[in-house]
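Asks: give me coordinates for this.
(2 chains)
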Amino acid sequence: MHIGTARTALFNWLYARHCGGTFLLRIEDTDRERSTEAAVQVIFDGLAWLGLEADAPPVFQFARADRHREAVQELLQAGRAYRCYMTVEELEVERQKARAEGRAIRSPWRDREATGSNLPHVIRFRGPLEGETIVADLIKGPVRFQNKELDDLVLLRSDGAPTYNLAVVVDDHDMGVTHVIRGDDHLSNAARQSLIYQAMGWELPAFAHLPLIHGPDGAKLSKRHGAQAVGEFADMGYLPEGMRNYLARLGWGHGDDEIFSDEQAIAWFDIADAVSSPARLDWAKLNFVNGQYIRLADDARLTILTRQVHERRGLALDDAATAALTRAIALVKEGAKTLIELADLTLFVLKARPLDLDEKTQKLLTEETRGRLGRLRNHLAAQADWSVAGLEPAIRAFAESEGVGIGKFGAALRGVLSGGAAAPDLASSLTALTRDESLARIDDALSQAQQTV
RNA sequence: GGUCCCUUCGUCUAUCGGUUAGGACACCAGAUUUUCAAUCUGGGAAGAGGGGUUCGACUCCCCUAGGGACUGCCA
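Replies: The predicted model follows:
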């Protein structure tokens, strides 16, 4: 599920909620080869992850093929459709000619009486050759198309299967769709589809065509830009609510508001305010927005999500480790942009004792520093207030009593506590680890360093 | 090639004929800090170009340039 598709779904969802309407999901699976069960599942998963559940069970387009064929019969009888016996080879020749002459392709069968032949044929829509069709787009305003530029689209394939362009019109009508909010790439289809609505004598829905999302370089978003599928963003540690907020701001704005709740977005959103130019995906801003939501998220939920990241990396956590993880999350989540960063920043509490000392820390553990760490250890053992607020002044006072800056031995202590992994400030690291664990890690390191010497 | 869409700081956007063109991310500087991040303060940064319309255009119209979509018996 492309992130652009997700944004389109979000705008549909917001607008439906805003209007008190219904957000419908239809799986357009008329192309049987592409619509595998797995592909459809990806859509369901993507929407579920984003929290954009439809208000009614999904409609599968292919299952409605009989109804689509019924509509085609109506068009045939009304003279608004015809059988076209062009072979693919003939079509290709016509396509080349039409392109060279700068016109739409035309079938010679358009003006012939149906032969009743059993030869393979498709059924095409008989569109008007004169006049114009105006798509009253809610975002772009009126867009005019000359009818002669619009080719007669295929309604039924030679195997009798309905095409997308026919099926959407019939389904949208039958489902009572009032607003069609979709990607820019469908704008010209809107004109052709409008003609089918008219031929069927049906009322047109309102159309809104959203520009596509581009990569940071302005080109169409693709794999090489880092990610393009919703699942990839989930794997990269983004929160669904962060994604919703960021995506909402991509192609839509409400004054100076940047971080807002779903309720606010729903109250403010109007599809007419959607921006008509394409937007580029900006990783830095996505990270910032997601970071805001990590900060807002509650620790219990972050623990579950972060544990999943650790487990995906092959690190199983028991109850004690999970408790340590929660403590660490509370202390580091302010600085984390993604769940991946949160996992990295909390890894140090999950390390098994005794920790391997990294080279940098080993070098820092000079005889002088070892002595100092030993004395600090005793201070810590006697420290009454084992909180960040209590430990900070305690460490400071210790450094002062030793006549050194914290930096002098702080780096060594950090290394000893974290085993060289990323870790927050000293006081936070200490509280995340608990007193026993902290003291044990210092003891381990001191004896290890002794042996190395 | 044809048809259509788009064009405000590097990026996302506000403005809907009269503003010192606002905000956010990013960036730079300073403060803070045991490192990084975070946080706080300050700063630089924009109406693609050219014509009109108007007392007055970022806002309306035209042209040019650039970007994009469509041009399928795909959706």
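Asks: for the rest of this, base every contact and every neighbour count on C-alpha atoms.
Replies: OK.
Asks: in the helix or strand containing A:Ile329, which residues are buried?
Replies: Using DSSP states H and E, A:Ile329 maps to helix A:319-332. Neighbour-count burial for helix A:319-332 flags A:321-332 (criterion: 16 or more other Cα atoms under 10 Å).
Asks: redo those as a markdown table? Include distance to A:Leu10 and pLDDT.
Replies: Compiled in a markdown table, the buried residues of helix A:319-332 are given as follows (distance: Cα to Cα, whole Å; pLDDT from 0 to 100):
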| residue | distance to A:Leu10 | pLDDT |
| --- | --- | --- |
| A:Ala321 | 37 | 93 |
| A:Thr322 | 34 | 95 |
| A:Ala323 | 36 | 94 |
| A:Ala324 | 37 | 93 |
| A:Leu325 | 33 | 96 |
| A:Thr326 | 32 | 95 |
| A:Arg327 | 34 | 93 |
| A:Ala328 | 34 | 95 |
| A:Ile329 | 30 | 96 |
| A:Ala330 | 31 | 93 |
| A:Leu331 | 33 | 92 |
| A:Val332 | 31 | 92 |
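Asks: the residues you listed into CSV, with extra columns for distance to RNA strand B?
Replies: As requested, the buried residues of helix A:319-332 are exported to CSV (distance: Cα to the nearest atom of the strand, whole Å):
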residue, distance to RNA strand B
A:Ala321, 22
A:Thr322, 22
A:Ala323, 22
A:Ala324, 18
A:Leu325, 18
A:Thr326, 17
A:Arg327, 16
A:Ala328, 13
A:Ile329, 13
A:Ala330, 12
A:Leu331, 9
A:Val332, 7
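Asks: of the residues you listed, closest to A:Glu74?
Replies: A:Ile329 (63.5 Å; Cα to Cα).
Asks: the closest one reaches A:Thr303, doesn't it?
Replies: Yes - using Cα atoms under 8 Å, A:Ile329 is in contact with A:Thr303, at 7.1 Å.
Asks: which residues do the two both contact?
Replies: With contacts taken as Cα atoms under 8 Å, 6 or more residues apart in numbering, A:Ile329 and A:Thr303 have no neighbour in common.
Asks: leaving out sequence neighbours, find the closest residue to the residue of the stretch 251-400 of chain A found nearest RNA strand B.
Replies: As assessed by Cα to the nearest atom of the strand, RNA strand B sits closest to A:Gly251 within the stretch 251-400 of chain A, at 2.7 Å. Leaving aside its sequence neighbours, A:Gly251 sits nearest to A:Val275 (Cα to Cα, 6 or more residues apart in numbering; 4.8 Å).
Asks: phi first, then psi, for that neighbour.
Replies: phi -80, psi 140 (degrees, to the nearest 10).
Asks: how far does the lowest-mean-pLDDT helix or strand in chain A sit from its chain's centre?
Replies: Taking mean pLDDT, DSSP states H and E as the measure, helix A:359-364 is the helix or strand of chain A with the lowest mean score, a mean of 83. Computed by Cα atoms, centre = their mean, to the nearest Å, the separation of helix A:359-364 from the middle of its chain amounts to 42 Å.
Asks: quick revisit: go ahead and confirm the residue nearest to A:Gly251 touches A:Ala248.
Replies: No - A:Val275 is beyond contact range of A:Ala248, at 11.0 Å (criterion: Cα under 8 Å).
Asks: between these two, which has more neighbouring residues?
Replies: A count of neighbours by other Cα atoms under 10 Å puts A:Ala248 above the other of A:Val275 and A:Ala248, at 23 against 17.
Asks: now for whichever helix or strand A:Tyr82 is part of, which elements pack on it?
Replies: Per DSSP H and E, A:Tyr82 falls inside strand A:81-84. Judged by 3 or more Cα pairs under 8 Å, 6 or more residues apart in numbering; DSSP states H and E, strand A:81-84 is in contact with helix A:65-77, strand A:122-125.
Asks: re earlier: what lies in contact with the helix holding A:Ile329?
Replies: A:299-300, A:302-303, A:307, A:342, A:345-346, A:349-350, A:424, A:428-429, A:431-433.
Asks: near RNA strand B too, which of those?
Replies: A:424, A:428 (Cα under 7 Å from any atom of the strand).
Asks: of the contacts of helix A:319-332, which is the nearest to A:Lys220?
Replies: Once Cα to Cα is applied, the member of the contacts of helix A:319-332 that ends up nearest A:Lys220 is A:Leu342, at 30.7 Å.
Asks: need the contact list for the closest one.
Replies: Residues counted as contacts of A:Leu342 (Cα under 8 Å, 6+ apart) are A:306, A:329, A:332-333, A:336.
Asks: just A:His18 next, same as before
Replies: A:266-270.
Asks: which of those residues has the most neighbours?
Replies: A:Phe269 (22 neighbours).
Asks: give me the phi and psi for it.
Replies: According to degrees, to the nearest 10, A:Phe269 has phi -70, psi 130.
Asks: for A:Pro142, same thing?
Replies: phi -70, psi 130.
Asks: can I have the buried ones of the contacts of helix A:319-332 as a ChimeraX selection?
Replies: Burial among the contacts of helix A:319-332 is assessed by 16+ other Cα under 10 Å; the matching ChimeraX selection reads:
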select /A:299,302,303,307,342,345,346,349,350,424,428,429,431,432,433
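Asks: the contacts of helix A:319-332 in helices, which ones?
Replies: Judged by DSSP state H, helices contain the following of the contacts of helix A:319-332: A:299-300, A:302-303, A:307, A:342, A:345-346, A:349-350, A:428-429, A:431-433.
Asks: count the neighbours of A:Thr87 for me.
Replies: 12.
Asks: so what's A:Arg295 up against?
Replies: Counting by Cα under 8 Å, 6+ apart, the residues that A:Arg295 touches are A:333-334, A:336.
Asks: returning to that earlier point: how about JSON lines for the helices and strands packed on strand A:81-84, with mean neighbour count, distance to A:Leu417 and mean pLDDT added?
Replies: Shown next, in JSON lines, are those (neighbours: other Cα atoms under 10 Å; distance: least, Cα to Cα, whole Å; pLDDT from 0 to 100):
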{"stretch": "helix A:65-77", "mean neighbour count": "17", "distance to A:Leu417": "65", "mean pLDDT": "97"}
{"stretch": "strand A:122-125", "mean neighbour count": "24", "distance to A:Leu417": "73", "mean pLDDT": "96"}
